[in-house]
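J.: Below are the sequence and a predicted model; questions follow.
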Amino acid sequence: MKDMGPKLIAGLMLEFACVCMWGCGDLKKDGPVEWDKERTIGKVIGFMDDSLVIVGDWRGWNQEKGTFVHDGGMASGIGHQGLRVYNYRVQEDGPRWTDTLDNENTNDFTYLVGLLSDSVIWGGNGNESFSFWKLGQKPVVMNMAVSKDGCNTIFKQEKMRTWLNGKILLKGPLGAGGDSCQYAVLDTIAKTLTYKHLDDKLKWIEKCDDVRAWESDVYCFMPGESAFEAVLLRNGLDTIDVPINFTVGDFWGDVLRLNANLCDFFDGKVACSGAIWRGGLVFYKDEEIVAELE
């Protein structure tokens, strides 16, 4: 009797497993990807200039999965990410500009994490791959060589900000101790991502709620000396005058969000026009709705 070949042995093992576990199941192929007919309502990704807001949306999908008849399941994800640009100061008939990707379903990568600069949206898989989607163009995906400088425990990237010397800051747990990495620097030219501890020059930013650089200066929102009061600092020394009182602030491109107030930052000065954004797709002024985005 001749020896049975590996393909025959594998086939007999599969048949035996089928009989033992299910009786007599047939192999079942994955079903087609079913896309949702409607796109999501969307979420605010960032702001442009002093009157435009960028909204991101996408379509969801589902797919029936299964190897055997009795081993079915459902997979789901998103794709076809899109961007819309609206005027948030006045109600208009619809977006001024739209763009949509024709990408296939994705489970572990998103193009719509947040705003990097005035017209660039960043995304990624939370590890070493990142995308940069400039309005009017298509996303560029970059794979980074990851390293650690003086720390070991990395963090999930949630905020990406412009940084010194043309690089990009990934804000981490700035006040973390031990061997935890507090921030990371991404270099799109060298395609490197370096996790770091704060050195003596940057130690002052560990209390920042949000931080970014404009040219050679570092700006930071942090709690002030009085309770329920925040301040905007430049280089850890200069307090920037802000025309309203606020308790927390963050950066949305060149727009500052002070509590719910949307303010402009130009030539080192903050100017607030009264535009209010509390979340969602509704914008106010003097407690009246001035724009509700569809």
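T.: Arrived safely.

J.: mind checking which helix or strand of this protein has the lowest mean pLDDT?
T.: One helix or strand of the chain scores below all others by mean pLDDT, DSSP states H and E: helix 6-22, with a mean of 44.

J.: Which of the three states applies to Ile165?
T.: Let me fix one detail, which is that residue 165 is Asn and not Ile. For Asn165, the secondary structure call by DSSP: H, G, I helix; E, B strand; the rest coil comes out as helix.

J.: returning to that earlier point: could you check how far the following helix or strand past the least confident helix or strand of the chain is from the centre of its chain?
T.: Sequence order places strand 34-35 as the next helix or strand after helix 6-22, per DSSP states H and E. Mean C-alpha position of strand 34-35 versus that of the full chain (Cα atoms, centre = their mean, to the nearest Å) differs by 24 Å.

J.: mind listing what strand 34-35 pairs with, with the direction of each?
T.: As defined by DSSP bridges, the strand partners of strand 34-35 come to strand 52-66 (antiparallel).

J.: what's the average pLDDT for the strand it pairs with?
T.: Looking at strand 52-66 alone, the average pLDDT works out to 89.

J.: Likewise for stretch 240-259?
T.: Averaged over stretch 240-259, pLDDT sits at 94.

J.: Now that stretch: buried residues?
T.: Taking 16 or more other Cβ atoms under 10 Å as the neighbour-count basis, stretch 240-259 is seen to contain the buried residues 242, 246, 249-258. (Glycine included, C-beta is placed from N, CA and C.)

J.: same check, this time on stretch 205-220
T.: Within stretch 205-220, the residues scored as buried using 16+ other Cβ under 10 Å are 205-206, 208-213, 218-220.

J.: cool, and stretch 147-164?
T.: Neighbour-count burial for stretch 147-164 flags 148, 151, 154-155, 157, 159-163 (criterion: 16+ other Cβ under 10 Å).

J.: Tell me how far the spatially most central residue of the chain lies from Glu158.
T.: A centroid search over the chain (Cα atoms, centre = their mean) returns Val113, at 1.5 Å, as the residue closest to the centre. Val113 sits at a distance of 7 Å from Glu158 (criterion: Cβ to Cβ, to the nearest Å).

J.: And for Asn143?
T.: With distances taken as Cβ to Cβ, Asn143 is found 20 Å from Glu158.

J.: Who are the contact partners of Pro173?
T.: If you count contacts by Cβ atoms under 8 Å, 6 or more residues apart in numbering, Pro173 has them with 155, 180, 182.

J.: quick one: which helix or strand includes it?
T.: Judged by DSSP H and E, Pro173 forms part of no helix or strand.

J.: tell me the phi and psi of it?
T.: phi -80, psi 90 (degrees, to the nearest 10).

J.: I figured Tyr284 hits Asn261, correct?
T.: No. Proximity of Tyr284 to Asn261 does not meet the contact threshold set by Cβ atoms under 8 Å, at 10.2 Å.

J.: tell me, what's touching these two both at once?
T.: Between them, Tyr284 and Asn261 share these contacting residues under Cβ under 8 Å, 6+ apart: 275-276.

J.: Could you give the number of residues near Ile121?
T.: Applying other Cβ atoms under 10 Å, we find 24 residues neighbouring Ile121.
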